[in-house]
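K.L.:
Give me a model of this one.
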Amino acid sequence: MTVDQAYRILYVIAAAVIGGLLVFVFLRTVLGPRIADRVVAVNLTGTLVTLLICVLAYLMAEDYLVDISLIYTTLSFLAVVLLTKIYMGVYRQKRHQEKTGGEDAHDA
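P.N.:
Numbering: from 1, shown residues only. Below is the predicted model of the structure:
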């Protein structure tokens, strides 16, 4: 067995492990008990997908896949920022309603 074959086996195993982790993270995204858990799971999904794309880029010897993974990372980051902003807005609105006793200025 040559060094290149050993590395190929290592990367195939790594891709399989990352794929398995993606299944569990996807379950956490869907079944998460709180919204914060789901946001963290979406962030982890983006990281794992980026890592998987980079491993596949090495296995397939296709350099353009690394560029795609960088674009995906940027989109994933922006999605998490947007989800966090939405979550914080809902949280602040809920706290405001609790402080005012459920009455809102829009109800009048």
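K.L.:
Distance check, residue 14 against residue 54.
P.N.:
10 Å (Cβ to Cβ, to the nearest Å). C-betas here are computed from N, CA, C, even on glycine.
K.L.:
now for the helix or strand encompassing residue 97, which elements pack on it?
P.N.:
Assigned by DSSP states H and E, residue 97 falls within helix 64-99. Secondary-structure packing of helix 64-99 (3 or more Cβ pairs under 8 Å, 6 or more residues apart in numbering; DSSP states H and E): helix 35-60.
K.L.:
buried residues in the helix it packs on?
P.N.:
The neighbour-count check on helix 35-60 (16 or more other Cβ atoms under 10 Å) flags 38-58 as buried.
K.L.:
Buried ones in stretch 68-86, by neighbour count?
P.N.:
Across stretch 68-86, burial judged by 16+ other Cβ under 10 Å covers 69, 73, 76, 80, 84.
K.L.:
How far away from the center of its chain is that stretch?
P.N.:
Centre-to-centre, stretch 68-86 and its host chain are 8 Å apart (Cα atoms, centre = their mean, to the nearest Å).
K.L.:
for stretch 90-104, same thing?
P.N.:
30 Å.
K.L.:
what's in contact with it?
P.N.:
Outside of stretch 90-104, the residues within contact range by Cβ atoms under 8 Å, 6 or more residues apart in numbering are residue 35.
K.L.:
Over to stretch 66-80?
P.N.:
With Cβ under 8 Å, 6+ apart, stretch 66-80 has contacts from 39, 42, 43, 45, 46, 47, 49, 50, 53, 54, 57.
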